[in-house]
Every structure is written in C-alpha cells, then in structure tokens.
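Peer 1: need a structure here:
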Amino acid sequence: MAAEDAAAAPEPPASPFTQVLENIRNLSQRQKLAAGAALAFGIALIVGVLLWSRQPDYTVLFSNLAEKDGGAVVTSLQQQNIPYKFSDNGNAILVPSSQVHDLRLRLAAQGIPKGGLVGFELMETQKLGLSQFHEQINYQRALEGELSRTISSIASVAGARVHLAIPKQTAFLRDEQKPTASVMVSLHTGRALDPSQITGIVHLIASSVPNLTNDNVSVIDQDGALLTKKPDPLRSSLDATQLKYTHELEEGYIGRINSILTPLFGKGNFRAQVSADVDFNQTEQTAETYRPNPSPEQAIRSQQSNESQTRDQGPQGVPGALTNQPPVPATAPLTTPPVPGSTGAEGQTPLTSSKSATINYEVDKTIQHTRKALGQIRRLSVAVAVNHKEEKDKNGAVKSVPISDEEKKRIEDLVREAVGYNKERGDTINVATGAFVASDKDSLELPIWKDPDNIVLFKELIKYLVIAGVIAFVAFGVIRPLMKQVMPPPPETKEDEEALEGGPAGAEGEEGEEGEDEDGAAVALSPEAAARLAYDEKIAKVHEIAKSNPRVVANLIKEWMGSNEQQR
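Peer 2: Numbering: from 1, shown residues only. As a prediction, this is how the structure comes out:
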C-alpha cells in the first residue's frame, strides 16, 4: 500500500527554467533557427541603439590648417587614442565636444599648430656668419608673421597674411622711398569687418613699421575686395555716423510723443513717426554792426581846438584908382582930413581873429562771430495715426467710432509742444485717424521649428523616442512571441493541469461522491456515475485547452507519439 501511495502521489512541479529548456527541446529545427535569429536580431538592435545613443557629438578642433600642421595634429590625436573625424572636404578636424578645450590646451603646450607662419622665434635660430641681407630678410619675415598672428586673433578673421615692402635705407634724401604694406584677411563664413576694425588693422600695421603711413596700407579680403577705400570728397551722402545720429534724433522725438499720448489713448492705439532734416554742414559767420552814439552820454574819442589872429595889410602892388588921385591940399595937421584907405594915425592894420574846434565821438559798434555746430535741425515732419475709439451702442454692441476734430486738435497741440514745433523752420504736423488692422503677432515671432533651443530639444527627444520604439519593437515583436513559444501559459485550474498531464482526476475518488442536481442541491452519485461525470468534464476541459492553445496540445501529442514509438 505504501508503494502504491508513493506511486500515486503527484510529482513536484518543475521549475520555470526546466520548463523553458523542455519546451526548447520540443521545438522543431526550423522553429529553433527562427527563434535564435529573432533573439540575435533583437539583441543586435538593442546594442546598436545603445551605441548610437552614446555616440559623442563631434566639434571642430581646428580648421583650414596647413598640411604640415594638420599632420602633426592627427599624429598627436592618434598617440593619445582620441577618436577624430574629417569634415568640409578634409579642411576641418572634428573631435568629441567634451574634449575640445582640453585637446586645444594640450596641443598648444606642444606648439601645435604653428599656423604656417614664423614669428620672432625665427631670430632665435639664426646661423653664425649670416649676412646683413639675410638678417634683414629674416627680421621682415618675423615681423610679417607676428602681425599676421595678431590680426588673426580678431573674432571675425579666420586667417591673415601680411606683406611688407621696406625699402633699403639711403643717405640721399631725394632717393628715399616710403615703405608700403598689404594685408589679406580670410573672414569666417557670414562675417564681415566693420569700418572701425579695418581702421584698427591699418593703424596696427602703420604703427609697427617705421615711416609707414596709413595711406600706404592696403587691406583686401579673400574675395579680392578692397576694404581700405578712400572716401570720395565729392560724395555728399551721409556716412554711418551721421545716419546713426539722425536715427537716434528721430527715435528721441518718437519717444516723447509716445510718452505723452500713451496715458491718453493706451499702448497700441496710435502710431507716431518723425522725419528730421539735419544739416551737417559747419558754417562760421562774422557780423559787424554800427549804431549812432546818442546823447547825453556821448563818448568823446578825441577833441582839437584851434585859435588864430591876423592883421590886414595895406594896398600894395599895381596902383589902383586911389593912387591916381591928385594930392590933397596942405592943411594943418588937426584939420587935415584922412585919405581914404589910410590905416590911421599910427599906421596900424585891422586885427582878424578865428577859432575852430574838432570833436571825434566814439561809434557804437558790435562785432558778432557765430560758428554753427554740426547737426542743426532744418525741418521736422511729424505724422501721428490714431485708432478709432470703441463705443457701445444702445443694444450693447461694440462699434468703432473715429475721434472728433477737437480731439485731433488737442493731439496736434500736444505733439507741437512735445517736439518743439518751429513755424519759421517749416515744421509740419499731421494727425490722422483710422481703424487699425489687428496684427498677427505669431507671424512676427520665430517659429518653433526654427528656434535653436527647440531644435536641440527636438533632437534629444527624437533620439530617446527612437530608443524607446526600438526597445518596444524588440520586446513585443521579438521577445514576446518567442517566449510564448518557449513558455506556454500555466493552466488556470488543477483539472487543466491534470488533463495536460493525462492523470485521472477523480477516478481515485471515494465512492458516494456528491454531485448537484438541476436545482443546485447536493445528491449522492454512484461510483459509475461519478466516474462518467469526471470523464466528461475532462473531455470538455481538453477541448477548451485545445482551442485556446492548439500548439501546446500538438506538442503534447507529438511527445506521446514519440514515447509510444520508443516503447515499440
């Protein structure tokens, strides 16, 4: 009995690993190959995605290097076991972005790259017995190299070459020649030199070479365009400084108008523009004005007085009518009448006196010297557009209403005071009203797909989405079907497990097992009826399992057939 009980005892359930191995053994050769290929493909795909996601971003280490410098850089990278790539047709060397700065410092410590230019280090390796001519040539080469390096350090300049033409010194002044210089700059893509940078390069070259003037320095770019053009004195157009001053002046007037109209109409309900006619001609004027010197405060500049006295002389010369008269008869002295024209008893002539005075008064004179500064405003033209007002009618609907003439007059008066209106100058102010069209602010903003920050974010998001998609594909498209073939789902009930194992379920039951009638009440069954009921239940369970898992049932039948053949 003990042996029978031991034989009848159920075997312990096998471990999941053992079941997997057993199911793998039960697979056909074609199924094993397909499962292995799918598993290998999934593993390779996961490994590839992980390697791709961990691949570093490459950044330019150096570009546009000379062949000698490029070879030195590549050799150093190979010695340090640092990955690198080429781009731009081999003109740029790319390395992982996390190591760019470290590598540049390391290579700089090794003196790489040298840039293809020699500086004053050339003077340190001069040979003994070098002639004066060679010394002068080496000095000129060193100076050109140092100037090229200095110009290349400008942000917009990728590289530069400097050529100096220094004449030989002579003792004769009339045979002396002035040195000249030419500079060729290679600019970064999309970059340009502004006038101040060009002037700085010219001054740098002229200050580094004795007797070199700014007019003898020429600068061109990599396209051959001359950058040091002399200004044409015949051109009357405004330069950049004058245009900037005019723009700032107009913006200042617009700011005044905005500050005074915004509290009244609100932001966005008006637009103001100012056009300024600025005179950049510098003039000087001298005026001299004279005015009379009024009394009583007359200022005497100089005064002169003359006084003279003279006596008249008697008749002389050719005898006249009086001299031809006959002599007067002699008489006594007291009774002798005077002769006409006589000078008196004493013979004295008449006394004549005269006085004159000359007075010079100061003249009221005014001398005015006027020098007009640059940037005088000749005329202002102001235009203001005001939006219609929104009002509600009797029904509560909002409608647009133009502003009245009184409001326009008030706006015009405010603008006059804000800009300093001058009628003599010819200033004009125009105020107009109209309904503003709603502007689409989204069209003025940068699209999301063009924002650099969003582009970087999208790239990272796409990378992780690709990784997640590959993992999901491998998990649900490869691993899950494979596991279904290798590991069938466990049976839901004990009867299902016994049916799959082929053991009797209830055959060993005791006699008098109870069943249920149609009303659900327990009734006693005979052993034959109980065995028949258990058999029918087993058949029904087997049908259900065969419908749900036909592959497992087929494998079980194959195993049975294989065991029967071995027994034969």
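Peer 1: Could you use CA atoms for every contact and neighbour count after this?
Peer 2: Fine.
Peer 1: May I have the predicted confidence score for I198?
Peer 2: If you check I198, the pLDDT there is 90.
Peer 1: for the one 3 residues further on, same thing?
Peer 2: The pLDDT attached to I201 in the predicted structure is 92.
Peer 1: Just list what the helix or strand that contains it packs against, helices and strands only.
Peer 2: In the assignment (DSSP states H and E), I201 maps to helix 195-208. The helices and strands touching helix 195-208, judged by 3 or more Cα pairs under 8 Å, 6 or more residues apart in numbering; DSSP states H and E, are strand 217-221.
Peer 1: which residues sit against the strand it packs on?
Peer 2: The contact list for strand 217-221, computed with Cα atoms under 8 Å, 6 or more residues apart in numbering, reads 180-187, 198, 202, 205-206, 226-228.
Peer 1: go again using 7 Å as the cut-off
Peer 2: 180-186, 202, 226-228 (Cα atoms under 7 Å, 6 or more residues apart in numbering).
Peer 1: In strands, which of the residues you listed appear?
Peer 2: Counted as lying in strands by DSSP state E, out of the contacts of strand 217-221, are 180-186.
Peer 1: hang on, the earlier thing: from the contacts of strand 217-221, list the buried ones, please.
Peer 2: In the contacts of strand 217-221, burial by neighbour count holds for 180-186, 202, 227-228, counting by 16 or more other Cα atoms under 10 Å.
Peer 1: Export those as TSV, with columns for distance to F458.
Peer 2: Converted to TSV, the buried ones among the contacts of strand 217-221 look like this (distance: Cα to Cα, whole Å):
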residue	distance to F458
T180	55
A181	51
S182	48
V183	44
M184	41
V185	38
S186	35
V202	46
L227	42
T228	45
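Peer 1: Is F436 in a helix, a strand, or coil?
Peer 2: coil (DSSP: H, G, I helix; E, B strand; the rest coil).
Peer 1: Can I take it that L249 is in a strand?
Peer 2: No - membership of L249 in a strand is not supported by three-state DSSP, which gives helix.
Peer 1: residues in contact with the closest residue to it other than its chain neighbours?
Peer 2: Spatial nearest neighbour of L249, chain neighbours left out: A276 (7.6 Å); criterion: Cα to Cα, 6 or more residues apart in numbering. Contact partners of A276, counting by Cα under 7 Å, 6+ apart, are 246, 250, 377, 379-381.
Peer 1: ok, which stretches of the stretch 401-550 of the chain are helices?
Peer 2: 405-419, 441-444, 452-473, 480-486, 494-501, 527-548, 550-567 (DSSP state H, counting those that start in this stretch).
Peer 1: just to revisit the earlier point, which one of the ones in strands among the contacts of strand 217-221 sits closest to A357?
Peer 2: Proximity of those to A357 was ranked by Cα to Cα; the top entry is T180 with 76.5 Å.
Peer 1: tell me the contacts of that closest one?
Peer 2: By Cα under 7 Å, 6+ apart, T180 lies in contact with 164-166, 212, 216-217.
Peer 1: May I ask which of those comes out lowest in pLDDT?
Peer 2: Per-residue pLDDT puts I166 lowest of the contacts of T180, at 86.
Peer 1: Greatest separation within the buried ones among the contacts of strand 217-221: which pair is it?
Peer 2: The farthest-apart pair in these, when distances are taken by Cα to Cα, is T180 and S186, at 20.5 Å.
Peer 1: just curious, which of the contacts of A276 is nearest to E460?
Peer 2: E250 (46.6 Å).
Peer 1: quick one, what contacts the closest one?
Peer 2: Contacts of E250 (Cα under 7 Å, 6+ apart): 274-276.
Peer 1: Quickly note the distance from it to A276.
Peer 2: Remark: distance between E250 and A276 (Cα to Cα, to the nearest Å) = 6 Å.
Peer 1: Repeat that for D223.
Peer 2: 38 Å.
Peer 1: Over to I137?
Peer 2: Distance from I137 to A276, by Cα to Cα: 57 Å.
Peer 1: same question, N422
Peer 2: 13 Å.
Peer 1: before we move on, what about T228?
Peer 2: 31 Å.
Peer 1: one step back: format the ones in strands among the contacts of strand 217-221 as a markdown table; extra columns: distance to N454 and pLDDT.
Peer 2: Putting the ones in strands among the contacts of strand 217-221 into a markdown table (distance: Cα to Cα, whole Å; pLDDT from 0 to 100) gives the following:
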| residue | distance to N454 | pLDDT |
| --- | --- | --- |
| T180 | 52 | 92 |
| A181 | 48 | 92 |
| S182 | 45 | 93 |
| V183 | 42 | 92 |
| M184 | 39 | 91 |
| V185 | 35 | 91 |
| S186 | 33 | 88 |
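Peer 1: Least confident secondary structure element in this structure?
Peer 2: In the chain, the helix or strand scored least confidently by mean pLDDT, DSSP states H and E is helix 2-8, which has a mean of 43.
Peer 1: what pLDDT does the nearest residue to K389 once chain neighbours are set aside get?
Peer 2: Nearest residue to K389, sequence neighbours excluded (Cα to Cα, 6+ apart): V401, at 5.1 Å. You'll see V401 listed with a pLDDT of 83.
Peer 1: can you check A505 too?
Peer 2: Per the predicted model, pLDDT is 43 at A505.
Peer 1: do Q78 as well
Peer 2: Q78 carries a pLDDT value of 88.
Peer 1: so which strand or helix has it?
Peer 2: Q78 belongs to helix 67-79, assigned by DSSP H and E.
Peer 1: Tell me which residues of that helix come out buried.
Peer 2: Result for helix 67-79 [16+ other Cα under 10 Å]: buried residues 69-70, 72-74, 76-77.
Peer 1: what's the answer for stretch 374-385, then?
Peer 2: In stretch 374-385, counting by 16+ other Cα under 10 Å, buried: 375, 379-385.
Peer 1: Any chance of those in CSV with secondary structure, distance to A534 and pLDDT as columns?
Peer 2: Formatted as CSV, the buried residues of stretch 374-385 follow (DSSP: H, G, I helix; E, B strand; the rest coil; distance: Cα to Cα, whole Å; pLDDT from 0 to 100):
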residue, secondary structure, distance to A534, pLDDT
G375, coil, 115, 79
R379, strand, 114, 92
L380, strand, 111, 92
S381, strand, 109, 93
V382, strand, 106, 93
A383, strand, 103, 94
V384, strand, 101, 93
A385, strand, 98, 92
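Peer 1: Looking at the residues you listed, spot the one nearest D536.
Peer 2: A385 (96.5 Å).
Peer 1: Next up, the contacts around that closest one.
Peer 2: So, once contact is read as Cα under 7 Å, 6+ apart, A385 ends up touching 270-272, 431-433.
Peer 1: Now intersect the residues you listed with the strands, please.
Peer 2: Checked against DSSP E, those include these in strands: 270-272, 431-433.
Peer 1: Count the residues that sit near Q197.
Peer 2: Q197 has 13 neighbours, counted by other Cα atoms under 10 Å.
Peer 1: Can you give me the distance of I557 to K32?
Peer 2: 19 Å.
Peer 1: Which one of these two is surrounded by more residues?
Peer 2: Set I557 next to K32 and count neighbours by other Cα under 10 Å: K32 wins out with 16 against 12.
Peer 1: Is the more buried one in a helix, a strand, or coil?
Peer 2: helix.
Peer 1: Q285: what's it in contact with?
Peer 2: Counted by Cα under 7 Å, 6+ apart, Q285 has contacts 369-371.
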